[in-house]
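J.: Sequence plus predicted model, see below.
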2 protein chains.
Amino acid sequence: MLQHHCKDCQIKSAAASNLNKEEFEILETNSAQVAFKKGETIFKEGALSLNVAYLRSGIVKVHMHGPTREKILRIVKAPSYLGIPITFGDKINQYSATAIEDTSVCFIDSNYFRNFIYSNGKFAYEIIVELCKNELKDYQKYTSQSQKQIPGLVAETLLCISETIYNNPRFNFPLTRNEFGDMVGTSRESVSRALSEFSSEKIIEINGKEITILKKDILEKISKNG
Amino acid sequence: MLQHHCKDCQIKSAAASNLNKEEFEILETNSAQVAFKKGETIFKEGALSLNVAYLRSGIVKVHMHGPTREKILRIVKAPSYLGIPITFGDKINQYSATAIEDTSVCFIDSNYFRNFIYSNGKFAYEIIVELCKNELKDYQKYTSQSQKQIPGLVAETLLCISETIYNNPRFNFPLTRNEFGDMVGTSRESVSRALSEFSSEKIIEINGKEITILKKDILEKISKNG
DNA sequence: CAACTCATGTGATTAATATCACATAATTAG
DNA sequence: CTAATTATGTGATATTAATCACATGAGTTG
């Protein structure tokens, strides 16, 4: 457990901003900050869920076993809670989280986290807001994925990664082609072909892992039309 | 607004069970019970979300516009909250709810609902648990839908409707074939073909809207293997 | 740095599903 | 009760994407 001072943490969650001095002391003595290297597992499907994980820095993939392959549910960028649902929705983790860049995670004993919900209404409210926003985002993605064809899904994913994770039209795509496939529910070959197509049409530029979005408007159109 | 007494309501939510006498009085004066006939819209995508909807009785489909067609996100059976996320995740409804059987819904002014979260930790906690459980269920379904093929999806849906909605191997399927397609992300023809196939193999029996699951074990195998 | 292993791109083939077309059944409206 | 509308089933065809096969490339490890 690294020494840390939650009260002075510069990257508190919206919920934690509502904690008072005493609650911060409780948080501090019942949480642990852990560093993960790229590729390391933060928590694993099937294990007991005893902690709430708060992602302080880095990027993480949230994923679960599917009927035929792994499914990447979302890419999470710090700062954000990582799976409150696995803590309060079930006793056993229903999904895993793996660092796709070096990350720092605070694990909070879920009993104390629960007590904050009981005793601090503003804290609870912010947690609810975060859960609600996630659900809405998930439903959007869910709907897209069941209706769009592969070029649309690949375009959507590129835009999403560019805009919500890197805020930059040029970025290092953090997943392998195989994982990209796991994310949109298709094979690595199909992803590869869609990317090649976009590249040959000068909509994007590919340099290994580095992708540059050249024509955002066209990519948006492809994403929208499926 | 129908006259009603929330305190004595026999079908309170887990969250509402934690409200005290005063809170029930507030709830009573700031909520309205409304009856909906089959097919009527309970709330609509795009409208302002000013109320939390609590489904007291009946069955509802929750759905949203997708890129190419409507998407049915879930079938909800009473008693259950209907879309807390639309109230606290955004100011505008991101999805609609439509009665697929006659229903009774309590609309609760979201400002008062929010106050309960602020002031009653156990209420807030139960809301969080419900949101978390929904997220886990959604992720499971989400993963299935992006990996299984149509027979697997149709089998999964039949089992789900049979077990979680009707608790009976024989039931009146509450959706048209088209809506069934909207639910699993496929065309009505493909759903129809899968059902015919199951029927000719004596796995199910179809009598118009009435479906009987004859061989649950085989249906489960089809569902599991995709 | 050489030998592996893993990741990627791409052509050929196969399989799954969408779409179209149409007949028929069920439901709704007048 | 009849006409109109909507829902359903099913064959034929077209489209899409999966799978297989293989070459190349990049990164890793001894």
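T.: Received it, and whenever you're ready, just let me know what you need.
J.: Spatially, what comes nearest to the residue nearest to the spatial centre of chain A if we skip its sequence neighbours?
T.: The residue lying closest to the centre of chain A (Cα atoms, centre = their mean) is residue A:76, at 1.8 Å. Nearest residue to residue A:76, sequence neighbours excluded (Cβ to Cβ, 6 or more residues apart in numbering or on different chains): residue A:60, at 4.8 Å. Yep, even glycine has a C-beta here, placed from its N, CA and C like the rest.
J.: try residue A:204
T.: residue A:198 (4.6 Å).
J.: Mind listing what's buried along the helix or strand hosting that neighbour?
T.: Following DSSP states H and E, the helix or strand that holds residue A:198 is helix A:188-200. Within helix A:188-200, the residues that count as buried by 16 or more other Cβ atoms under 10 Å in any protein chain shown are A:190-191, A:194-195, A:198.
J.: any bit of the longest helix along chain A sitting next to chain B?
T.: Of all segments of type helix in chain A, defined using DSSP state H, the longest is helix A:121-147. Yes - under the criterion of Cβ under 8 Å from any Cβ of the partner chain, chain B is reached by helix A:121-147 at A:121-122, A:124-125, A:127-129, A:131-136, A:138-140, A:142-147.
J.: Could you turn the buried ones of these into a ChimeraX selection?
T.: To isolate the buried ones among those in ChimeraX, judged by 16+ other Cβ under 10 Å, type:
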select /A:121,124,125,127,128,129,131,132,134,135,136,138,139,140,142,143,144,145,146,147
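J.: which of the residues of helix A:121-147 next to chain B come close to DNA strand C?
T.: Applying Cβ under 7 Å from any atom of the strand, the subset of those adjacent to DNA strand C is empty.
J.: what's the worst-scoring helix or strand of chain A on mean pLDDT packed up against?
T.: Scoring the helices and strands of chain A by mean pLDDT, DSSP states H and E places helix A:85-88 at the bottom, with a mean of 91. Helix A:85-88 sits against helix A:110-119, helix B:121-147, with contacts defined as 3 or more Cβ pairs under 8 Å, 6 or more residues apart in numbering or on different chains; DSSP states H and E.
J.: what's the closest of those to residue A:45?
T.: Checking the helices and strands packed on helix A:85-88 against residue A:45 by Cβ to Cβ gives helix B:121-147 as the closest, at 10.8 Å.
J.: and the next element down the chain from that closest one?
T.: Heading C-terminal from helix B:121-147, the first helix or strand you meet, by DSSP H and E, is helix B:150-160.
J.: near DNA strand D at all, that next one?
T.: No - counting by Cβ under 7 Å from any atom of the strand, DNA strand D has no neighbours in helix B:150-160; the shortest distance is 11.0 Å.
J.: So residue A:185 versus residue A:100, what's the distance?
T.: Applying Cβ to Cβ, to the nearest Å, the value for residue A:185 to residue A:100 is 19 Å.
J.: Ok, residue A:107 next?
T.: 19 Å.
J.: now residue A:30
T.: Distance from residue A:30 to residue A:100, by Cβ to Cβ: 28 Å.
J.: same deal with residue A:90?
T.: The value you get for residue A:90 to residue A:100, if Cβ to Cβ is used, is 24 Å.
J.: With neighbour numbers in mind, choose between these two.
T.: Higher neighbour count among residue A:90 and residue A:100: residue A:100, with 21 against 14, using other Cβ atoms under 10 Å in any protein chain shown.
J.: Give me the phi and psi for that one.
T.: The phi and psi values for residue A:100, taken as degrees, to the nearest 10, are phi -110, psi 0.
J.: which residues does the residue nearest to the centre of chain A contact?
T.: A:55, A:59-62, A:82, A:97 (Cβ atoms under 8 Å, 6 or more residues apart in numbering or on different chains).
J.: Which of the helices or strands spans it?
T.: strand A:70-77.
J.: Would you reformat the buried residues of helix A:188-200 as JSON lines and include pLDDT?
T.: Output for these, formatted as JSON lines (pLDDT from 0 to 100):
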{"residue": "A:190", "pLDDT": "97"}
{"residue": "A:191", "pLDDT": "97"}
{"residue": "A:194", "pLDDT": "97"}
{"residue": "A:195", "pLDDT": "97"}
{"residue": "A:198", "pLDDT": "97"}
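J.: out of those residues, which touch DNA strand C?
T.: residue A:195.
J.: quick one: which of the buried residues of helix A:188-200 is nearest to DNA strand C?
T.: DNA strand C has its nearest neighbour among the buried residues of helix A:188-200 in residue A:195, at 5.8 Å by Cβ to the nearest atom of the strand.
J.: if I read this right, that closest one contacts residue A:207, doesn't it?
T.: No - between residue A:195 and residue A:207 there is no contact under Cβ atoms under 8 Å: 11.8 Å.
J.: Low-confidence stretches in chain A?
T.: A:1-3 (pLDDT under 70).
J.: Would you mind giving the domain segments of it?
T.: A:6-132, A:148-225 (automatic domain parsing).
J.: Which members of the contacts of residue A:76 occur in strands, if any?
T.: Under the assignment DSSP state E, these contribute A:55, A:59-62, A:82, A:97 to strands.
J.: and which of those residues is nearest to chain B?
T.: residue A:62 (8.8 Å; Cβ to the nearest Cβ).
J.: residue contacts, the closest one?
T.: By Cβ under 8 Å, 6+ apart, the neighbours of residue A:62 are A:72-76, A:82-83, A:95-97.
J.: Out of these, which is nearest to residue A:26?
T.: residue A:82 (20.7 Å).
J.: how many neighbours does the closest one have?
T.: When neighbours are counted by other Cβ under 10 Å, residue A:82 comes out with 23.
J.: Check which helix or strand the nearest residue to it once chain neighbours are set aside maps to.
T.: Nearest in space to residue A:82, with sequence neighbours left out and distances taken as Cβ to Cβ, 6+ apart, is residue A:53 at 4.1 Å. Assignment of secondary structure by DSSP H and E places residue A:53 within strand A:51-57.
J.: so what strands line up beside that strand?
T.: strand A:80-82 (antiparallel), strand A:103-109 (antiparallel) (DSSP bridges).
J.: what's the residue of chain A found nearest DNA strand D sitting at in phi/psi?
T.: Here chain A gets closest to DNA strand D at one residue, residue A:149, 2.7 Å apart by Cβ to the nearest atom of the strand. Dihedral pair for residue A:149: phi -90, psi 180, per degrees, to the nearest 10.
J.: and the gap between the residue nearest to it when sequence neighbours are not counted and residue B:94?
T.: In space, residue A:149 comes closest to residue A:226 once its chain neighbours are excluded; the distance is 5.6 Å by Cβ to Cβ, 6+ apart. The spacing between residue A:226 and residue B:94, counted by Cβ to Cβ, is 19 Å.
J.: So those two - more neighbours on which side?
T.: residue B:94 (22 against 17).
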